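[1] What shape does this take:
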Amino acid sequence: MSNATPIQGHYDTSSVFVAVIGRPNVGKSSLTNLLVGEKVAIVTQKPQTTRSRITGIITKGPVQYVLMDTPGIHAARNKLDARMTQTAAASLKDVDVTLMLFEPEGEFTDAELRMVAALQKGGPAVAVINKVDLLNSLTKLEARRRQIEEFGCFDKVLTVSAKDGTGCDELFAVLKPYGNEGPHYFDDEAFTDMPEKELVAELVREKALLFMRDEIPHGIAVVVERFKERPDKDLIDIDVDIYCERKSHKGMIIGKGGQMLKKIGSAARADIEELLGVKVNLQCWVKVREDWRDSEQQLNNLGFAKP
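    Got it, this is the predicted structure:
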């Protein structure tokens, strides 16, 4: 529970709401998971893994940090992509500070430059150069730092590694002053505001992304249709529908003799049991909804609400 105590009109606690933004695969979800200490966002090497705004919560004594991991910034190829981009943009309006992650080297994308332009118009922001564990040249790192400083919209430019945790303690210290005095918005023990059913669906989708060929997983949506604890034993029955856009994709997801679906389900079940701390009976079903990513009605039905 929150330990906020009013003292002569003031609180001895504060909260910092942080939007975590950046290009696809820059490490937003990896950093969020590392800072939270729990898996709240799925992580794969494929771009566009995060589809909705995911909240990670970290309480360090009197300060509660609320991280909003957003979809990667990229050009929209369908209506789902457009909603993802809108979600990322909307996140900037609801926070105390924006954390923008950058690659340690390489050209800035057009989408990155558009987001920087939005930050230049208002709202405090901190830049984070991620993946510094991949660099073996301080000269390159300093050159990158100068490039980002020249944008003129970042209060600080930090360096971190979401892989090994380098720089994370400094990150909390930098974010702390942006907080607002008042009671914590979430219980101090909470690590996310996502319902368990959404976390389960994300874990199943993660395994599909890991095991399937490049394009098919991006046409997959996962919905938990049943989530029921058995009264007579320590077991949860979970039924999951995996939606794809083509009949041919359905066959690939199921695999020869059902092997691919079994592989996805088995790996997801292990993570779900670790998340819930209880044995799980997971049943996965594959269904076709043609071109759902370009249908406003289907997006609404599958839970991809407009921001």
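
[2] C-alpha only now, for contacts and for neighbours.
    Noted.

[3] Check the gap between residue 57 and residue 34 for me.
    11 Å (C-alpha to C-alpha, to the nearest Å).

[4] cool, residue 203 as well?
    Taking C-alpha to C-alpha, one finds residue 203 at 17 Å from residue 34.

[5] neighbour-wise, which of the two wins?
    residue 203 (27 against 18; other C-alpha atoms under 10 Å).

[6] what's the domain layout of this structure?
    Split into domains by automatic domain parsing, the chain comes to 6-181, 196-301.

[7] can you map out the strands along the protein?
    Along the chain, counting by DSSP state E, strands occupy 6-7, 10-11, 14-22, 54-60, 63-69, 97-102, 125-129, 157-159, 180-181, 221-229, 235-244, 279-288.

[8] so which of these comes closest to residue 188?
    strand 54-60 (5.7 Å; C-alpha to C-alpha).

[9] Residue 156 reaches residue 124, doesn't it?
    No. At 10.0 Å, residue 156 does not count as touching residue 124 under the criterion of C-alpha atoms under 8 Å.

[10] which of these two has more neighbours?
    residue 124 (18 against 15).

[11] Is that one in contact with residue 95, as I believe?
    No. If you go by C-alpha under 8 Å, residue 124 and residue 95 don't touch, sitting 9.4 Å apart.

[12] So residue 100 sits against residue 126, correct?
    Yes. The criterion here is C-alpha under 8 Å, and residue 100 meets it with residue 126 at 6.4 Å.

[13] who's more crowded, these two?
    Neighbour count, other C-alpha under 10 Å: between residue 100 and residue 126, residue 100 has more, with 24 against 20.

[14] Could you measure from the more buried one over to residue 111?
    Counting by C-alpha to C-alpha - residue 100 and residue 111 are separated by 12 Å.

[15] got it, and residue 196?
    From residue 196 to residue 111 the distance is 32 Å (C-alpha to C-alpha).

[16] and if you look at residue 273?
    Taken as C-alpha to C-alpha, the span from residue 273 to residue 111 is 38 Å.

[17] for residue 231, same thing?
    For residue 231, the distance to residue 111 (C-alpha to C-alpha) stands at 50 Å.

[18] Likewise for residue 23?
    If you go by C-alpha to C-alpha, the gap between residue 23 and residue 111 works out to 7 Å.

[19] So between the two, which is more surrounded?
    Taking other C-alpha under 10 Å, residue 23 and residue 111 do not tie; residue 23 has more neighbours (23 against 16).

[20] Could you tell me what pLDDT the model assigned to the more buried one?
    As predicted, residue 23 sits at a pLDDT of 85.

[21] wait, it sits on residue 112?
    Yes. Counting by C-alpha under 8 Å, residue 112 is a contact partner of residue 23 at 6.4 Å.

[22] need the contact list for residue 65.
    15-18, 57-59 (C-alpha atoms under 8 Å, 6 or more residues apart in numbering).

[23] Now with 6 Å, please.
    Going by C-alpha atoms under 6 Å, 6 or more residues apart in numbering, residue 65 touches 15-16, 57-58.

[24] would CSV of these with distance to residue 174 be doable?
    Below are the contacts of residue 65 laid out as CSV (distance: C-alpha to C-alpha, whole Å):
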residue, distance to residue 174
15, 14
16, 11
57, 17
58, 15
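
[25] What's the PyMOL syntax to select whichever of those are buried?
    The PyMOL selection below is limited to those of the contacts of residue 65 classed as buried (16 or more other C-alpha atoms under 10 Å):
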select buried, resi 15+16+57+58
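
[26] Switch the contacts of residue 65 over to a markdown table; also include distance to residue 288 and pLDDT.
    What follows is the contacts of residue 65, written out as a markdown table (distance: C-alpha to C-alpha, whole Å; pLDDT from 0 to 100):
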| residue | distance to residue 288 | pLDDT |
| --- | --- | --- |
| 15 | 43 | 94 |
| 16 | 42 | 94 |
| 57 | 35 | 90 |
| 58 | 39 | 93 |
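
[27] low pLDDT regions in the stretch 151-300 of the chain?
    Applying pLDDT under 70 to the stretch 151-300 of the chain flags residues 213-217, 295, 298-300.

[28] can you give me the helices in it?
    Assigned by DSSP state H, counting those that start in this stretch, the helices in the stretch 151-300 of the chain fall at 168-175, 196-211, 215-218, 247-254, 259-276, 296-301.
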